[in-house]
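Q: any chance you can model this:
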Amino acid sequence: MVRPRQRGEYSENGIKELKIGFGMERMPCGQERANAAFFRIGVIAHNLFVLFKHSALGEGWQRHRIATVRWRLFQVPGRLIRYAGAWVLKVAATFAEDFADIRARGYATLHELAPLNAPLYSWFNDHRLMEPLGYIPPAETEANYYRQQNRQASLAA
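A: Next comes the predicted model:
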């Protein structure tokens with residue numbers, strides 16, 4: 001039996017995470033469009049955090065909220081030292097290993113997502129018409145630019 005008070009637990013926690021975890025407790029101003037943009041940016045930040053959590057962090061991190069992840073990843077004790085003329089941040093070896101794992105998983109995810117984004121890149125570069133460029137795609141504008149540069153170089157030589 002599902003009790004009424006348990007129906008919205010997941011959605012209420014998601015809204016709470018969005019509001020408290022990303023500083024969206026209050027509207028920034030009295031303008032509706034500015035507030036809408038503010039909240040859209042917050043939702044995008046939340047979605048990027050969820051992607052980061054699922055793709056770059058290990059299984060043990062999945063249940064944590066943004067405040068916990070922020071605390072454990074970014075508020076790490078360390079010491080800034082000068083070594084061989086360069087500034088180096090020294091952290092505990094366990095943190096260094098965790099950061100290396102996160103970086104490796106993040107790069108692996110980017111390589112997995114690249115083929116999924118290929119149609120978007122194709123549209124963005126080859127099919128999108130831009131008014132400032134004379135309603136031609138950016139790739140064609142770039143090709144025209146380099147063609148003109150080569151012509152000028154050959155005329156100068």
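Q: low-confidence regions, this protein specifically.
A: Scanning the chain for pLDDT under 70 picks out the ranges 1-10.
Q: mind listing the strands for it?
A: Counting by DSSP state E, residue ranges of the strands within the chain are 78-83, 86-91.
Q: list the strands paired with the last one, with their directions.
A: Next to strand 86-91 in the sheet, as set by DSSP bridges, lie strand 78-83 (antiparallel).
Q: what does the strand it pairs with rub up against?
A: The contact list for strand 78-83, computed with CB atoms under 8 Å, 6 or more residues apart in numbering, reads 87-91, 95. C-beta coordinates here come from the backbone N, C-alpha and C atoms, glycine included.
Q: of those - the most surrounded one?
A: Highest neighbour count within these, by other CB atoms under 10 Å: residue 95, with 15 neighbours.
Q: ok, now which ones touch it?
A: Residue 95 neighbours (CB under 8 Å, 6+ apart): 76, 78.
Q: now residue 46
A: 17-18, 21-22, 66.
Q: can you put the strands of the chain in TSV and add distance to residue 58?
A: Converted to TSV, those look like this (distance: least, CB to CB, whole Å):
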stretch	distance to residue 58
strand 78-83	21
strand 86-91	18
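Q: picking up where we left off before, which member of the contacts of strand 78-83 is positioned nearest residue 50?
A: Closest approach to residue 50 among the contacts of strand 78-83 (CB to CB): residue 95, at 23.0 Å.
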